[in-house]
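Engineer: just coords:
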């Protein structure tokens, strides 16, 4: 399964992505803008753990590599929920520094948003952004997300409580009624 953008492809992660993942993920500014589980420096062991959890053979895929010219230069994915929360999911992304400012992240986010709504029958996608990450807030806005709320002291980041900005995109079902499973 592949989703084609104008200059990239969203595709499932594969074991061969380790070298590229280490190269592009090992950037202090990427780690600074991601949650605590995202390490810096980004090591071979980190790539092994990430890929072991993300490489899968069956659809539907929740996590994709952002591939430019055959290299995984970033990642994007959703975290779905169960039970009464199943109509909403979290979405997140990162992109290697050489590809910043080229429109790749916002296009990838728009494509992934469409895929997630259709594939997982979602009505809401949520993205959390740290207040200092203005570039990611712009990406979200360009992809059609709206600012919802500032969550004060909502997360620990590098051991310190920080605020989080919550953005979302909402889609109504075709018949206007909430989804029933």
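Structural biologist: Okay, I see it. This structure is a prediction, so every number in the text was calculated from the model and none was measured.

Engineer: what about residue 158, neighbour count?
Structural biologist: Counted with other C-beta atoms under 10 Å, residues neighbouring residue 158 total 9. For glycine as for every other residue, the C-beta is placed from the backbone atoms N, C-alpha and C.

Engineer: which ones are touching it?
Structural biologist: Neighbour list for residue 158: residue 36 [criterion: C-beta atoms under 8 Å, 6 or more residues apart in numbering].

Engineer: can you check residue 124 too?
Structural biologist: If you count contacts by C-beta under 8 Å, 6+ apart, residue 124 has them with 87-89, 168-171.

Engineer: now swap in residue 119 and tell me
Structural biologist: residue 60.

Engineer: before we move on, which element is it in?
Structural biologist: For residue 119, the host element (DSSP states H and E) is helix 104-120.

Engineer: Give me the buried positions along that helix.
Structural biologist: By neighbour count on 16 or more other C-beta atoms under 10 Å, the buried set for helix 104-120 is 104-113, 115-117, 119-120.

Engineer: which element follows it toward the C-terminus?
Structural biologist: The helix or strand immediately downstream of helix 104-120 is strand 124-129, counting by DSSP H and E.
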